[in-house]
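# Show me how the following folds:
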Amino acid sequence: MMAMDFAGLMQLAQRSAAVTAQCGCHDAALLAWRAVPLTLELDQFEEVATLVADPYTEPTFAEYHANGTRYHSEDAPIAPRYFPCNRSHVVRCVKCGRHYLRYTEAGGYFSEVRMRALRPSVLADAAL
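Numbering: from 1, shown residues only. Prediction:
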């Protein structure tokens, strides 16, 4: 799977924002990065793209927060070249068509799948 460029990501975000159907994925309020709630099943989502630029190099762990936001902020930028977006895959809900970013957070003793809604209002084409 090839990495998606910013223009393609913006198109998916705009398409996702236009979805008005009721769906459990939307009810989960994944506006900020969070663990996948138990109310959602991972097989409800299909991978459609990746933001991993090169699978053979280690991407940065630097985060992009131009306006003083934090990782868990709902208004934190989605900056594809920065952590955790640069380790994410774009997934689509097979029930309603909304798009999300998904990555696996791997700590010393755990791993946890985290997701965030792909929203055009917070996308940022920030250079490294």
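
# And the residue lying farthest from the centre of the chain, what's its pLDDT?
No residue in the chain sits farther from the centre than Tyr109, which is 23.3 Å out by C-alpha atoms, centre = their mean. What the model reports for Tyr109 is a pLDDT of 84.

# part of a strand, is it?
No - Tyr109: not assigned to a strand; according to DSSP: H, G, I helix; E, B strand; the rest coil it is coil.

# Pick out the residue closest to the middle of this protein.
The chain, centroid-nearest residue using C-alpha atoms, centre = their mean: Leu101 at 2.0 Å.

# so where does that residue fall, helix or strand?
Assigned by DSSP states H and E, Leu101 belongs to strand 99-106.

# Give the buried residues for the helix or strand that that strand is followed by.
Using DSSP H and E, the next helix or strand after strand 99-106 towards the C-terminus is strand 111-117. Of all the residues in strand 111-117, those buried under the rule 16 or more other C-beta atoms under 10 Å are 114-117. C-beta coordinates here come from the backbone N, C-alpha and C atoms, glycine included.

# Quick one: the helices in the chain, in order.
6-17, 24-27 (DSSP state H).

# List just the one of these that sits closest to Leu51.
helix 6-17 (7.5 Å; C-beta to C-beta).

# picking that back up, quick one: contacts for the residue nearest to the centre of the chain?
Contacts for Leu101 (C-beta atoms under 8 Å, 6 or more residues apart in numbering) come out as 51, 78, 84-85, 88-91, 115-116, 118.
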